[in-house]
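Colleague: Sequence and predicted model, in that order:
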Amino acid sequence: MQQRARVPQAHVKIGEALWVAEGRVLLDYVRRELEDHLKCGLLEHGCLSVRCDT
């Protein structure tokens, strides 16, 4: 995994742990959105190259 994704990913995990410690819950759809956002732009999750000749 690229370095730029490690730091935010660690922050998400720490934030979630703090919420759980306080008795709160991170909703599943919020967790999925965060995980999908963190994957954005990482080559190991796919790459799309687009070119316009006009």
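Modeller: That came in fine, so what should we check first?
Colleague: Relative to Gly23, how far out is the residue of the chain most remote from its centre?
Modeller: Here the chain reaches farthest from its C-alpha mean at Thr54, the gap being 34.4 Å by Cα atoms, centre = their mean. Distance of Thr54 to Gly23, computed by Cβ to Cβ, to the nearest Å: 56 Å. The C-beta positions use only the backbone N, C-alpha and C, and glycine is treated the same way.
Colleague: Need the phi and psi values for the residue nearest the centre of the chain.
Modeller: Centroid-nearest residue in the chain: Leu38, 2.2 Å away (criterion: Cα atoms, centre = their mean). For Leu38, the backbone dihedrals are phi -70, psi -30 (criterion: degrees, to the nearest 10).
Colleague: do the same with Val50
Modeller: phi -120, psi 140.
Colleague: Asp36 versus that one, what's the distance?
Modeller: Here the criterion is Cβ to Cβ. By it, Val50 lies 20 Å from Asp36.
Colleague: what's the answer for Gln9, then?
Modeller: 12 Å.
Colleague: neighbour count winner among those two?
Modeller: Gln9 (15 against 10; other Cβ atoms under 10 Å).
Colleague: What sits closest to the more buried one if chain neighbours are left out?
Modeller: Spatial nearest neighbour of Gln9, chain neighbours left out: Leu38 (5.2 Å); criterion: Cβ to Cβ, 6 or more residues apart in numbering.
Colleague: Contact partners for Arg24?
Modeller: Contact criterion Cβ atoms under 8 Å, 6 or more residues apart in numbering gives no residues in contact with Arg24.
Colleague: Helix, strand, or coil at it?
Modeller: Assigned with DSSP: H, G, I helix; E, B strand; the rest coil, Arg24 falls in the coil class.
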